[in-house]
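*Asks:* With the input below, show me the fold.
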Amino acid sequence: MEQIVRNLPSDRDGPRIVLCDRDRKWSRAVRQLLEDARIQVVQTPFRAPNANAYAERLYGQSKRNV
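*Replies:* Next up is the predicted model:
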C-alpha cells in the first residue's frame, strides 16, 4: 500500500478523500503518507459491519463511472 500511495498523482486531479476500513493494509505509515499528500483519510467506525458495505458500494460506483 505504501508503494501505491507513493505513486499517486500529486496534482489536484487526484483523490482528496480516501475512505478506508480498519484493515492492516491501511497502516499508520500509509495514512501518514496520504495526509502528507493533502488527502483526507476517513476510517470506518469500530464494530460497524455495515459501514464497510457502504464503502465498497461507493468504491464500486467510482470504478464504474471512470
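
*Asks:* which helices and strands sit right next to the helix ranked longest in the chain?
*Replies:* Across the chain, the longest stretch assigned as helix under DSSP state H is helix 49-64. Applying 3 or more CB pairs under 8 Å, 6 or more residues apart in numbering; DSSP states H and E, we find helix 49-64 packed against strand 17-20. Heads up, the C-betas are built off the backbone N, CA and C, glycines and all.

*Asks:* ok, and what's touching the helix or strand that comes right after the strand it packs on?
*Replies:* Downstream of strand 17-20, the first helix or strand assigned by DSSP states H and E is helix 28-36. Residues outside helix 28-36 that contact it (CB atoms under 8 Å, 6 or more residues apart in numbering): 1-2, 5-6, 18, 20, 41.

*Asks:* same check, this time on stretch 16-26
*Replies:* So stretch 16-26 is in contact with 1, 31, 34, 38-44, 46, 51-52, 55, 58-59, going by CB under 8 Å, 6+ apart.

*Asks:* repeat that for 10 Å
*Replies:* 1-2, 4-5, 8, 30-31, 34-35, 37-48, 51-52, 54-56, 58-59 (CB atoms under 10 Å, 6 or more residues apart in numbering).
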